[in-house]
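Visitor: okay, here's the prediction I keep looking at, along with the sequence it came from:
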Amino acid sequence: MKVFETCIGNEDGRIKIRQNAYSQASSILPMRTDKDQGAVETLYDGEPLFEDLLLHLRAAGFRFVRPLNFLRNRAGGVIQMDALFNHTSR
């Protein structure tokens, strides 16, 4: 297997990936330093909350099907999740 470190974006170039001890939480987005809590809290500056994303996708004709995977904080609260959506026309 050969691994290619790539990503898709609007521009050509290079960008630093901020590595997290939990590799699935590594990102190009800057980590937040405050500790605002929510049902699903934000980890990165500019990241929308799940509720905001859900409203946006519903308006675009998508329906939330189910969660797929969770990232939890030390207290067991959900701070990130992968989710499955489908378009209501299908």
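Guide: Received, thanks. Residues are numbered from 1 along each chain as shown.
Visitor: low-confidence bits of this protein, can you list those?
Guide: Counting by pLDDT under 70, the low-confidence segments of the chain come to 1, 3-8, 20-25, 31-43, 90.
Visitor: tell me where it has strands.
Guide: Assigned by DSSP state E, the strands in the chain fall at 62-72, 78-87.
Visitor: deepest-packed of those, please.
Guide: Counting by mean count of other C-beta atoms under 10 Å, strand 78-87 has the highest mean neighbour count of those, with a mean of 14. Using the backbone N, CA and C atoms, a C-beta is placed for each residue, glycine as well.
Visitor: which helices and strands sit right next to it?
Guide: Counting contacts by 3 or more C-beta pairs under 8 Å, 6 or more residues apart in numbering; DSSP states H and E, strand 78-87 is packed against helix 50-59, strand 62-72.
Visitor: now with 7 Å, please.
Guide: strand 62-72 (3 or more C-beta pairs under 7 Å, 6 or more residues apart in numbering; DSSP states H and E).
Visitor: so the residue positioned nearest the centre of the chain bridges to which residues?
Guide: In the chain, the residue lying closest to the centroid (C-alpha atoms, centre = their mean) is Gln80, at 6.2 Å. Beta-bridge partners for Gln80, by DSSP bridges, are Leu71.
Visitor: OK, contacts around Gln19?
Guide: Applying C-beta atoms under 7 Å, 6 or more residues apart in numbering to Gln19 gives the contacts Ser26.
Visitor: numbering from 632 from now on, please.
Guide: Got it, the first residue is 632 from now on, which makes the last one we talked about Gln650.
Visitor: from Gln711, how far out is it?
Guide: As judged by C-beta to C-beta, to the nearest Å, Gln650 and Gln711 stand 16 Å apart.
Visitor: these two touch, right, the residue nearest to the centre of the chain and Leu702?
Guide: Yes. In terms of C-beta atoms under 7 Å, Gln711 counts as a neighbour of Leu702; the distance is 3.9 Å.
Visitor: give me the number of residues near Arg689?
Guide: The number of residues packed around Arg689, counting by other C-beta atoms under 10 Å, is 13.
Visitor: what's the separation between it and Ile710?
Guide: 22 Å.
Visitor: also Arg697?
Guide: 18 Å.
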